[in-house]
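# Fold the following for me, if possible:
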Amino acid sequence: MSVKLSTWFVSEGIGGLSCKHSAVRFFLPRRSLPASCKMRQRNFSSQHKKQQLKKASHERTSTNADFQANGDEESETENASIINVPILSQEIISTDDVDTGIAIEHINAEELSGPTVPDEQKSLAINISGDKQLSGVQQEDLIGMIRYAEKNVILLNQARVSALEDLEKIVTEKETLQGEINTLETKLAETDARIKVAAQEKIRLELLEDQLEKLQNELAHRDVSELSEIDMNENHHKLLHHEGYVLDTSSVSSVSKELNSLREENISLKNDIEVLKTELSDVKNTDERVLILERERSLLESSLKDLESKLSVSQEDVSKLSTLKVEYKSLWQKVENLQVLLDKATKQADQAIIVLQQNQELRKKVDKLEESLEEANVYKLSSEKLQQYNELMQQKIKVLEDRLQRSDEEINSCVQLYQESVKEFQDTLHSLKEQSKKRAADQYVDDMPLEFWSRLLLIIDGWLLEKKVSTNDANLLREMVWNRDGQIYNAYMACKEKTEREAITTFLRLISSPTRPGLHIIHIAAEMAPVAKVGGLGDVVSGLSKSLQKRGHFVEVVLPKYDCMQYDRIRDLRALDVMVESYFAGRLFKNKIWVGTVEGLPVYLIEPHHPENFFWRGQFYGEHDDFKRFSFFSRAALELLLQAGKKPDIIHCHDWQTAFVAPLYWDLYAPKGLNSARICFTCHNFEYQGTAPASELASCGLDVHQLNRPDRMQDNSAHDRVNPVKGGIVFSNIVTTVSPTYAQEVRTAEGGRGLHSTLNSHSKKFIGILNGIDTDAWNPATDTFLKVQYTANDLQGKAENKEAMRRLLQLSSADIKKPLVGCITRLVPQKGVHLIRHAIYRTLELGGQFILLGSSPVPHIQREFEGIANHFQNHDHIRLILKYDEFLSHSIYAASDMFIIPSIFEPCGLTQMIAMRFGSIPIARKTGGLNDSVFDIDDDTIPLEFRNGFTFLTPDEQGVNNALERAFNLYKNNPDIWKQFVQKDMNIDFSWDSSAAHYEELYSKSVARARAAIQT
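Sure, this is the predicted structure:
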């Protein structure tokens, strides 16, 4: 539809005419407009355009052609520029213009004076001055013409308004019809989807029917065939009834009816399935006795294997095991050799007897020959052949006699050697039996788990804190536990039924002076996985501690007792009958001490009895007084070590929350006698430094005047504030961070967050060590969260986990080869949220699927991703889960083909290591720990055996696009090479062993230097 407006023109010249026009703005993004019109481009949806047209109202038309209307919501206070239009050219407004988007905005217009008149009309202007003045008649004619023109203008404007109203109605009707069409299309799509679901159900029911037939045959042998046949016939009739449905898409009402019938059929099928499950449970009950017998048989076999293994273990010695086994094997080989020799000698003897028998026969023949010779001599007959034969026979007889003599000698020597070997073997076997009996008492001691020794240490520490044993006695008993002395194990087992006093007496009898193995390491931290975990810090504390413990060191952990900890993961948790008093803000406060074990590690929990309930807040971090909370905890932890009489070699503190330990140790507790340790400080993220006004440092007893100095704890950016991280760097003997690349980045002005100068000043004691992961917890071969466990040699399970994840999140499974990209992260600026957002859309464009798991503590980021999640709520290929879920995290690692980590900066990062452990190829930015663990597949400067992912350097959309496109191309075009990379990534060792070895070396060197300094 189009409305053609007539042209308004003046046939006579007009001077000094002024009128008011409404300023009209057109939003035509695909058309060029005259420069005299001021345009604004906005993106309006069809629904918004409809609302804008409805809002427009033309209230009145005046002789001056003034139009007023309400503007849209986004331009309530704008003033339009003046549009000088002396002659209205023809304007055609079509429905195409409406579809492009028209925003009409009526505003207060200024008076238009002196309109611009084209040159051809200037010639028609009449100069009223001088001798050429118009007569009265001509003036009246002109006035009449002007009034007539004004009336025409009013009529034209009214026609324009009515045309716009007609246009609005037509557009409204068009949109209504389009909406109905869209509704019908949606219903048809839903109907098609449900038909597909019904077809899948049909296939599944056919499979169930086959299984039911098998069950029918089995149940026939158990005299229950009648019931199963009845149920199977019912299911069969229902299945046939289900197959009889044919969707009639020509009628919406018939589709609705058939869908209702399909729902009823699905309900009936579900009921039948429940009946089948009941019958299967009955079958299982009938086989229960068989299963019990099988279990008993397996238990007997396992018991037999245990007895055999214990018998072999009992014969092993810690220091001489390898030597004895080699000697035993050599002796056994000698015995076997002797047996072989004896067998050979026996055979040779048998052969010699046979030869002797042959010799006797030969002698008889010789005798006969001699007789023949005698006869020949009698007859004087001689023959050369007979003589030669006789000589030959004599030579053979001599050879046989010599051989028989030698064989007799060899048999005698072999028999003698065999007798000596048997005697030596019996002596050795007798000595081994005696040693086995001697070691039998230590068998169970070596097999005891780490939790047992940790619990025993906690009992001894409890006695010490409760003043039931002296410090020296406690230290000696600890030494015995460290050595895993069998005597202290026997004493503990003997005291199970005794009172505590009797147990203490028994333990004190065992005190001796054993040598001490390994180092005594105490971690003081704010987190520990899995009982108190917020981020990577908790994983590092638990993973590093367990690895050091396996390497023979005695490791303990001190934590705050939060109210929100996972107490069910702490074993043997109990409170000691003692209070430890610590100084804070001019007073002494009592602290209740709790002890327990977490995954075999002894753990101390400090519960402050402070009126502000420092750790009873329902969360770990994020409180307004975090500086006070953790400075209190740091001092209370050192007070616990002092009063418990501990003499650790290493005190390891983490992040700013426990960085107070370093200055507190050297300024306050080393002078009190807690002076055996070296301090190691690890900063996991230099973005968080915990700065506070310098005056708050006095609360924990530190001297503000001495420490608020540029070379100590004074913040480099504000001289009236103190920086705990800087204090940890200055006062520690060892300073580490979580990857080598990040250690280099933080020594620059861009990455150091203000501490680069301090780190450069202490660079000799600063090092980056790449973190590891808990390979037991993150193991696809044993992970109980997965639907199917799998290994690098059997990747079928990974494909099944991918399909299970698609079903769980209702993603499309039409193309099983479509790549799945995973992302598990906290949605904070550090993690590159704008690149994650771009990766979602780019993955969709490349023909992949994307799953995001994570949430944001930043409100506007959380709202933004909630909007994206709502947009893709029912999408076939995109799903956003804006929370953390442990089950989903394991499942996404196992299901994804690729894993994207586009961090702006990343100190270490664990997700790329876990992803590779589960066979998901990482796509990461080259920064921090990502640069130390992910190496680009296409980088020829890196050896082929180290290439394991796709990387990009620039943190922008182009970098993400390049890495994603290369990953998709390799996945789609070279599946065999992709499989090889997956298998290689799964076999990379990201355990804590290598990292723990680095820390062990740092600890040992620092302790050795300290001991050497003391001796000199």
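
# quick one: the residue nearest the centre of the chain and Val531, what's the gap?
The residue lying closest to the centre of the chain (C-alpha atoms, centre = their mean) is Thr911, at 4.2 Å. Using C-beta to C-beta, to the nearest Å, we find Thr911 at a distance of 22 Å from Val531. (Glycine included, C-beta is placed from N, CA and C.)

# ok, now how distant is Ala636 from Leu642?
Here Ala636 is placed at a distance of 11 Å from Leu642 (C-beta to C-beta).

# Compare the two and say which one has the larger neighbour count.
Ala636 (26 against 16; other C-beta atoms under 10 Å).

# Just confirm the residue nearest to the centre of the chain contacts Pro902, I think it does.
No. Contact criterion C-beta atoms under 8 Å: Thr911 and Pro902 do not qualify, at 11.6 Å.

# What's the mean pLDDT across the longest helix seen in the chain?
Longest helix in the chain by number of residues (criterion: DSSP state H): helix 136-220. For helix 136-220, mean pLDDT rounds to 78.

# Mind giving me the packing neighbours of that helix?
strand 2-4, helix 46-55, strand 92-94, helix 95-100, helix 225-243, helix 252-286 (3 or more C-beta pairs under 8 Å, 6 or more residues apart in numbering; DSSP states H and E).

# next one: that helix to chain centre, how far?
46 Å (C-alpha atoms, centre = their mean, to the nearest Å).

# Stretch 767-786 now?
9 Å.

# In it, which residues are buried?
Neighbour-count burial for stretch 767-786, with 16 or more other C-beta atoms under 10 Å as criterion, is recorded at 768-775, 777-778, 780, 783, 786.

# now the stretch 201-350 of the chain, which segments are flagged as low pLDDT?
Judged by pLDDT under 70, the stretch 201-350 of the chain has its weakly predicted residues at 221-256, 272, 276, 279-287, 289-290, 307, 310-322, 324-325, 328.

# need the helices for the stretch 851-1000 of the chain, in chain order.
Secondary structure of the stretch 851-1000 of the chain (DSSP state H, counting those that start in this stretch): helices at 859-871, 886-895, 911-917, 928-933, 957-973, 975-986, 993-1015.

# I'd like those written out as a markdown table, with distance to Ser413 and mean pLDDT added.
Shown next, in a markdown table, are the helices of the stretch 851-1000 of the chain (distance: least, C-beta to C-beta, whole Å; pLDDT from 0 to 100):
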| stretch | distance to Ser413 | mean pLDDT |
| --- | --- | --- |
| helix 859-871 | 90 | 95 |
| helix 886-895 | 68 | 95 |
| helix 911-917 | 63 | 96 |
| helix 928-933 | 67 | 95 |
| helix 957-973 | 72 | 96 |
| helix 975-986 | 59 | 95 |
| helix 993-1015 | 55 | 88 |
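
# can you redo those as TSV with distance to Leu356?
Formatted as TSV, the helices of the stretch 851-1000 of the chain follow (distance: least, C-beta to C-beta, whole Å):
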stretch	distance to Leu356
helix 859-871	101
helix 886-895	79
helix 911-917	75
helix 928-933	80
helix 957-973	82
helix 975-986	69
helix 993-1015	70
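
# between those, which gets nearest to Ile181?
Nearest to Ile181, of all the helices of the stretch 851-1000 of the chain, is helix 859-871, at 22.6 Å by C-beta to C-beta.

# ok, and what's touching the closest one?
Leu827, Val828, Pro829, Val833, Arg837, Ile840, Leu852, Ser855, Ser856, Leu880, Leu882 (C-beta atoms under 8 Å, 6 or more residues apart in numbering).

# now with 6 Å?
Leu827, Val833, Ser856, Leu880, Leu882 (C-beta atoms under 6 Å, 6 or more residues apart in numbering).

# what's near enough to touch the second one?
Contacts for Val833 (C-beta under 6 Å, 6+ apart) come out as Leu827, Ile861.

# pLDDT wise, what is it at?
Val833 carries a pLDDT score of 95 in this model.

# Which stretches in the stretch 651-800 of the chain count as strands?
Remark: strands assigned in the stretch 651-800 of the chain by DSSP state E, counting those that start in this stretch are 678-682, 692-693, 721-722, 734-737, 766-768.

# Could you dump these into JSON lines with distance to Leu605 added?
Formatted as JSON lines, these follow (distance: least, C-beta to C-beta, whole Å):
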{"stretch": "strand 678-682", "distance to Leu605": "21"}
{"stretch": "strand 692-693", "distance to Leu605": "25"}
{"stretch": "strand 721-722", "distance to Leu605": "28"}
{"stretch": "strand 734-737", "distance to Leu605": "25"}
{"stretch": "strand 766-768", "distance to Leu605": "31"}
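
# Dump the contacts of helix 859-871 to TSV, plus distance to Ala193.
Below are those laid out as TSV (distance: C-beta to C-beta, whole Å):
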residue	distance to Ala193
Leu827	32
Val833	33
Ser856	33
Leu880	22
Leu882	26
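
# With respect to Asp938, which of the residues you listed is nearest?
Val833 (26.8 Å).

# what stretches of the stretch 601-750 of the chain score poorly on pLDDT?
Judged by pLDDT under 70, no stretch of the stretch 601-750 of the chain qualifies at all.

# which residue ranges form the helices in it?
Under DSSP H, counting those that start in this stretch, the stretch 601-750 of the chain gives helices at 626-643, 655-658, 661-664, 704-707, 724-731, 740-745.

# tell me the contacts of the closest residue to Trp666 other than its chain neighbours?
Spatial nearest neighbour of Trp666, excluding adjacent residues (C-beta to C-beta, 6 or more residues apart in numbering): Phe731 at 5.6 Å. Residues in contact with Phe731, defined by C-beta under 6 Å, 6+ apart, are Ala662, Pro663, Trp666.

# Please repeat the previous calculation with a cut-off of 10 Å.
659-667, 679, 681, 707, 712-713 (C-beta atoms under 10 Å, 6 or more residues apart in numbering).

# how close does it get to Glu420?
71 Å.

# Ile504 in helix, strand or coil?
helix (DSSP: H, G, I helix; E, B strand; the rest coil).

# Pretty sure it sits against Tyr492.
No. The criterion here is C-beta atoms under 10 Å, and Ile504 misses it with Tyr492 at 11.8 Å.

# for the strand or helix carrying Gln333, the distance to its chain's centre please.
According to DSSP states H and E, Gln333 maps onto helix 321-378. Taking the mean of its C-alpha atoms, helix 321-378 sits 74 Å from the chain's own mean (C-alpha atoms, centre = their mean).

# Which neighbouring elements make contact with that helix?
helix 384-440 (3 or more C-beta pairs under 10 Å, 6 or more residues apart in numbering; DSSP states H and E).

# What's the mean pLDDT across the helix it packs on?
For helix 384-440, the per-residue pLDDT averages 69.

# By neighbour count, which of the contacts of Phe731 wins?
Most surrounded of these: other C-beta under 10 Å gives Val661, at 32 neighbours.

# That residue - nearest residue in space that isn't next to it in sequence?
Using C-beta to C-beta, 6+ apart, the closest residue to Val661 is Cys653 (4.2 Å).

# List the contacts of that neighbour.
Contacts of Cys653 by C-beta under 10 Å, 6+ apart are 522-526, 558, 634, 637, 659-662, 664-665, 679-682, 724, 728, 732.

# So it versus Tyr999, what's the distance?
14 Å.

# cool, Leu809 as well?
40 Å.

# and these two? which has more neighbours close in?
Tyr999 (24 against 17).

# Return the residues in contact with the more buried one.
521, 544, 547-548, 551, 553, 650, 652, 680, 682, 734, 736, 767, 769, 992.

# try 7 Å
Shown in contact with Tyr999 (C-beta atoms under 7 Å, 6 or more residues apart in numbering): Leu544, Leu548, Ile769.

# Let's have these in a markdown table, adding pLDDT and distance to Leu674.
Below are the contacts of Tyr999 laid out as a markdown table (pLDDT from 0 to 100; distance: C-beta to C-beta, whole Å):
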| residue | pLDDT | distance to Leu674 |
| --- | --- | --- |
| Leu544 | 95 | 23 |
| Leu548 | 95 | 21 |
| Ile769 | 96 | 26 |
